[in-house]
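**Student:** Following is a predicted model, sequence given first.
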Amino acid sequence: MRRHRNVKIVATLGPASETHETIFALHKAGADVFRLNMSHGDHESIRDKHRIIRQIEEETGGPIAILADLQGPKLRVGAFANGEEELEDGAKFRLDLDDTPGTIERVNLPHPEIFAALEPGARLLVNDGNIRLKVLDCGPDFAETEVVTGGVISNRKGVNVPDVVLPLAALTEKDRKDLEFACELGVDWLALSFVQRPEDVIEARELVKGRAAIMVKVEKPAAVNDFDAILEEVDGIMVARGDLGVELPVQNVPPLQKRMVRKCRAAAKPVIVATQMLESMVHGPMPTRAEVSDVATAIYEGADAIMLSAESAAGDFPVDAVRTMDDVAREVEDDPTYTEILEASRKAERTTVADGIVAAAREIAETTDIKVICCYTQSGTTGLLTARERPRVPIIAMTNMMDTARRLSLTWGVNCVMTGQLSRFKQAVINAAKAAREQGYASELDQILVIAGVPFNVPGTTNILRVAPCQESLISSTDPG
């Protein structure tokens, strides 16, 4: 199913989108990747959605990526005797390990690791930052705080601790079980929540054992501060602006988003911009102008993918939300300013033969009448490097590895086509020309550009670039290989 855009769309599945009919409609409307949120639903419901996606993949004949999103450690207060209390600005409020029901003066916080890391002056944010507390005094089992911003606090509301690195593993016991389940199920990407340090990624990679690509959701200040080291360890990044906007001043998020997108592009690692992109479409058929601008901004920045959360998982208009994203993406990518911005922000470091090959491919494609770049890729690296160049012509990634094709479905501009095992470069050119014609990227009168590595089927051997005719008889007569 050819898309007439480069940016990819990630749609979260949930109660509003769990049937074959709806998931198929989401894919047809533009969803390239489906996100399974491990915070909601049991393993059986996740298995059902996975099965439906793979059925649709078989029906449509093109690879579809599945992203499983682990819950991560959730920090919450305990319960209140009255269900809720209203905290006044300037009042004193205590958090402790006592599990008796809370009052207007105190509540249980069943996380000794928080108390171990707190210092006077640290902030505690409750209920997505709607209530803000300042630590006055603390110990191993309590924190005396002042209410800086009051409001209604109720049972089991979430707590954010933005000022300290918590001695918490990114993977809870539930996450470990979910990770193993998702890998056995056969998901393509695994997203880690509340990562604070590179070691969190290394721990997860040891458990994954190569069965899925690993993505980090950047939603903690500690992850922002150690972003470069984390980026080295992961396969992709999600800019999770919801929690990031709670733990950091909201005005910090847009420049951070831009910097992270550019760093991911330079590293040839996919980056998703997520959270509240079309929030008003959860209950309404139309987005706000500000939301459309937010989606457009992420596309102009060159993000690989943009994501829908509640809009497609629990909203009243899931298919319309995907269609709206698709419409915005097409309009932005038709704007000449879009190409100007992408080319002005291209800052890749080229140190390998493969880097030089894909850079040359882009230059040739943009200075001659090349219709499409066809790159053969075993591990997916050549596809990622080609996409990093953000060429003006389409990219077809040719691979005999379904896992690679699915993972690349998240990458900007990459259209994946399955091909058989190859032993001769001539056959590679013939197959590429056939794919270009069948997918509607070129006619027999056009030229294409083929990137490959010899010997074939060996990762990391990209070493050939050839301009070729799209007509098979001309390939056969002009190529002795």
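**Tutor:** Everything's here; your move.
**Student:** Surely residue 442 touches residue 435?
**Tutor:** No: with contact defined as C-beta atoms under 8 Å, residue 442 does not count as touching residue 435 (9.4 Å). C-beta: built from backbone N, CA, C; applies to glycine.
**Student:** what about the two, which has more around it?
**Tutor:** residue 442 (25 against 21; other C-beta atoms under 10 Å).
**Student:** could you measure that one against residue 434, distance?
**Tutor:** 10 Å (C-beta to C-beta, to the nearest Å).
**Student:** likewise residue 261?
**Tutor:** Distance from residue 261 to residue 434, by C-beta to C-beta: 35 Å.
**Student:** how about low-confidence regions in the chain?
**Tutor:** 348, 476-481 (pLDDT under 70).
**Student:** Verify the assumption that residue 287 is located in a strand.
**Tutor:** No: with DSSP: H, G, I helix; E, B strand; the rest coil as the criterion, residue 287 is coil rather than part of a strand.
**Student:** okay, now it: neighbour count?
**Tutor:** Residues near residue 287, counting by other C-beta under 10 Å: 23.
**Student:** Confirm for me that it is in contact with residue 294.
**Tutor:** No: counting by C-beta under 8 Å, residue 287 stays clear of residue 294, with 9.1 Å between them.
**Student:** Please list all residues in contact with the closest residue in space to residue 455 that isn't next to it in sequence.
**Tutor:** Nearest residue to residue 455 in three dimensions, chain neighbours excluded: residue 461, at 6.4 Å (C-beta to C-beta, 6 or more residues apart in numbering). Taking C-beta atoms under 8 Å, 6 or more residues apart in numbering, we find residue 461 in contact with 453, 454, 455.
**Student:** Give me the buried entries from these.
**Tutor:** 453, 454 (16 or more other C-beta atoms under 10 Å).
**Student:** out of the contacts of residue 461, which are inside strands?
**Tutor:** Counting by DSSP state E, these place residue 453 in strands.
**Student:** Could you dump the contacts of residue 461 into TSV and include distance to residue 137?
**Tutor:** Output for the contacts of residue 461, formatted as TSV (distance: C-beta to C-beta, whole Å):
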residue	distance to residue 137
453	63
454	68
455	67
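**Student:** And the residue nearest to residue 455, how close does it get to residue 439?
**Tutor:** Residue 461 is 25 Å from residue 439, by C-beta to C-beta.
**Student:** cool, and residue 78?
**Tutor:** Counting by C-beta to C-beta, the gap from residue 78 to residue 439 is 56 Å.
**Student:** more neighbours, these two?
**Tutor:** Neighbours were counted for residue 78 and for residue 439 using other C-beta under 10 Å; residue 78 has more, 20 against 15.
**Student:** Let's verify the more buried one: helix, strand, or coil?
**Tutor:** Per three-state DSSP, residue 78 ends up coil.
**Student:** Bridge partners for the closest residue to it other than its chain neighbours, pull those for me.
**Tutor:** Nearest non-adjacent residue to residue 78, counting by C-beta to C-beta, 6+ apart: residue 108, 3.2 Å away. For residue 108, the beta-bridge partners are residue 96 (DSSP bridges).
**Student:** Count residues in the vicinity of residue 108, would you?
**Tutor:** Residues near residue 108, counting by other C-beta under 10 Å: 18.
**Student:** which ones are touching it?
**Tutor:** 77, 78, 79, 95, 96, 97, 98, 99, 100, 102.
**Student:** who's in contact with the last one?
**Tutor:** Residue 102 makes contact with 77, 78, 79, 80, 81, 85, 108, according to C-beta under 8 Å, 6+ apart.
**Student:** Please, where are all the strands along the stretch 351-481 of the chain?
**Tutor:** 370-376, 395-399, 414-418, 447-453, 462-469 (DSSP state E, counting those that start in this stretch).
**Student:** Just the buried positions in the longest one, please.
**Tutor:** By neighbour count on 16+ other C-beta under 10 Å, the buried set for strand 462-469 is 462, 464, 465, 466, 468, 469.
**Student:** can you check the second one too?
**Tutor:** Along strand 395-399, the positions that meet the burial threshold by neighbour count (16+ other C-beta under 10 Å) are 395, 396, 397, 398, 399.
**Student:** Check the first one too.
**Tutor:** Along strand 370-376, these residues count as buried under the neighbour rule (16+ other C-beta under 10 Å): 370, 371, 372, 373, 374, 375, 376.
**Student:** With distance to residue 281 as added columns, please give those residues in JSON lines.
**Tutor:** What follows is the buried residues of strand 370-376, written out as JSON lines (distance: C-beta to C-beta, whole Å):
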{"residue": "370", "distance to residue 281": "38"}
{"residue": "371", "distance to residue 281": "36"}
{"residue": "372", "distance to residue 281": "34"}
{"residue": "373", "distance to residue 281": "35"}
{"residue": "374", "distance to residue 281": "37"}
{"residue": "375", "distance to residue 281": "36"}
{"residue": "376", "distance to residue 281": "40"}
